[in-house]
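Participant: this one's structure only:
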């Protein structure tokens, strides 16, 4: 096995879009007004807390977190960094572009609507089905932040973003039996990193933060056995006590038992046993 193993909090592996020279003409669009526009304050105190989950996201993202209209929990959020005069925007739109260029967020870079302006700030919203899935608050001339730039941002789970945006990602977004996308904080998977020689393995995560369970499909045995709670099985009987979670990835069905030492994945060819890792692992 190649690479250095470390225990980590699972993060999504996504393609990063490079910085552009000018403002994309589609970055801010007129759009249709929402049924329930955000009417709260745009100046909201923010605090970084040392924990995972929606409460932490909302605490550190201020008004941006409050402006979200997620189907599930808020997924990511942050307060803006400091910058110099040379980087500052002269307009709110340039402040929004500075957000993309500085933070390289895992969200769309076009299709934002100017939803609200008050308290010396402007709220930009990216909507899906008439609901705000990404919110960015830009402000002018703050301490350590000259000109226009991002004060706070927040986003819903990637599963609530458009499929044409997330389809190129390395991370798989699962669905339920009816084809509805499931939050990545519930279940997600991706191929192991090639630079560690794990590209033949599929790594699946259930849950979020400290509660994450990790399972691996490891047909070539790239993980050492002492890292796993059970061996990988390419063709095994489905345990009598296994239950269908309803989670689907193309033609794969995820089944679980109470002991959780392995996840059972039904395919058109049979059933595979994906062992659980003894701790969440990644490589550097």
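Facilitator: Received, thanks. Given the structure is predicted, the values throughout are model-derived calculations rather than measurements. Numbering: from 1, shown residues only.

Participant: Which stretches in the stretch 151-284 of the chain count as strands?
Facilitator: Counting by DSSP state E, counting those that start in this stretch, the stretch 151-284 of the chain has strands at residues 171-173, 187-191, 202-206, 213-217, 243-249, 252-256, 262-267, 270-275, 281-283.

Participant: Indicate which one of those strands is closest to residue 224.
Facilitator: strand 281-283 (10.0 Å; C-beta to C-beta). In this view, the C-beta of every residue, glycine as well, is placed from N, C-alpha and C.

Participant: and the closest one, how far from the chain's centre?
Facilitator: How far strand 281-283 lies from its chain's middle: 18 Å, per C-alpha atoms, centre = their mean, to the nearest Å.

Participant: Show me what that strand is packed up against.
Facilitator: If you count contacts as 3 or more C-beta pairs under 8 Å, 6 or more residues apart in numbering; DSSP states H and E, strand 281-283 packs onto strand 5-7.

Participant: rewinding a little: can I get the strands of the stretch 151-284 of the chain in JSON lines including mean neighbour count?
Facilitator: Shown next, in JSON lines, are the strands of the stretch 151-284 of the chain (neighbours: other C-beta atoms under 10 Å):
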{"stretch": "strand 171-173", "mean neighbour count": "20"}
{"stretch": "strand 187-191", "mean neighbour count": "21"}
{"stretch": "strand 202-206", "mean neighbour count": "22"}
{"stretch": "strand 213-217", "mean neighbour count": "22"}
{"stretch": "strand 243-249", "mean neighbour count": "17"}
{"stretch": "strand 252-256", "mean neighbour count": "19"}
{"stretch": "strand 262-267", "mean neighbour count": "21"}
{"stretch": "strand 270-275", "mean neighbour count": "20"}
{"stretch": "strand 281-283", "mean neighbour count": "19"}
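
Participant: Quick one: the ones you listed as TSV, columns for mean pLDDT too.
Facilitator: Listed next are the strands of the stretch 151-284 of the chain as TSV, based on pLDDT from 0 to 100:
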stretch	mean pLDDT
strand 171-173	96
strand 187-191	96
strand 202-206	97
strand 213-217	97
strand 243-249	98
strand 252-256	98
strand 262-267	98
strand 270-275	98
strand 281-283	84
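
Participant: Adding distance to residue 101, write these out as CSV.
Facilitator: Formatted as CSV, the strands of the stretch 151-284 of the chain follow (distance: least, C-beta to C-beta, whole Å):
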stretch, distance to residue 101
strand 171-173, 23
strand 187-191, 26
strand 202-206, 30
strand 213-217, 33
strand 243-249, 34
strand 252-256, 38
strand 262-267, 40
strand 270-275, 39
strand 281-283, 27
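
Participant: do you know which of those strands lies nearest residue 115?
Facilitator: For those, the distance to residue 115 is smallest for strand 171-173, at 26.3 Å, taking C-beta to C-beta.

Participant: Point me to the helix or strand that includes residue 64.
Facilitator: Assigned by DSSP states H and E, residue 64 falls within helix 54-67.

Participant: now residue 98
Facilitator: Taking DSSP H and E as the criterion, residue 98 maps to helix 92-103.

Participant: Just after that helix, pick out the following helix or strand.
Facilitator: Downstream of helix 92-103, the next assigned helix or strand under DSSP H and E is strand 112-118.

Participant: where does this protein dip in pLDDT?
Facilitator: Applying pLDDT under 70 to the chain flags residues 1-22.

Participant: follow-up on the earlier one: show residues contacting the helix holding residue 98.
Facilitator: Contacts to helix 92-103, defined as C-beta atoms under 8 Å, 6 or more residues apart in numbering, come from residues 17, 19-20, 23, 27-28, 78, 80-81, 83, 87-89, 105, 109, 112, 114, 117, 122, 124, 136, 138-140, 147-150, 153.

Participant: which ones are touching residue 46?
Facilitator: Contacts of residue 46 by C-beta under 8 Å, 6+ apart are 59-62, 79, 152.

Participant: same thing but at 6 Å, please
Facilitator: Counting by C-beta atoms under 6 Å, 6 or more residues apart in numbering, residue 46 touches 60, 62, 79.

Participant: which of the contacts of helix 92-103 are buried?
Facilitator: Those of the contacts of helix 92-103 that meet the buried threshold are 27-28, 78, 80, 83, 88-89, 105, 109, 112, 114, 122, 124, 136, 138-140, 147-150, 153, by 16 or more other C-beta atoms under 10 Å.
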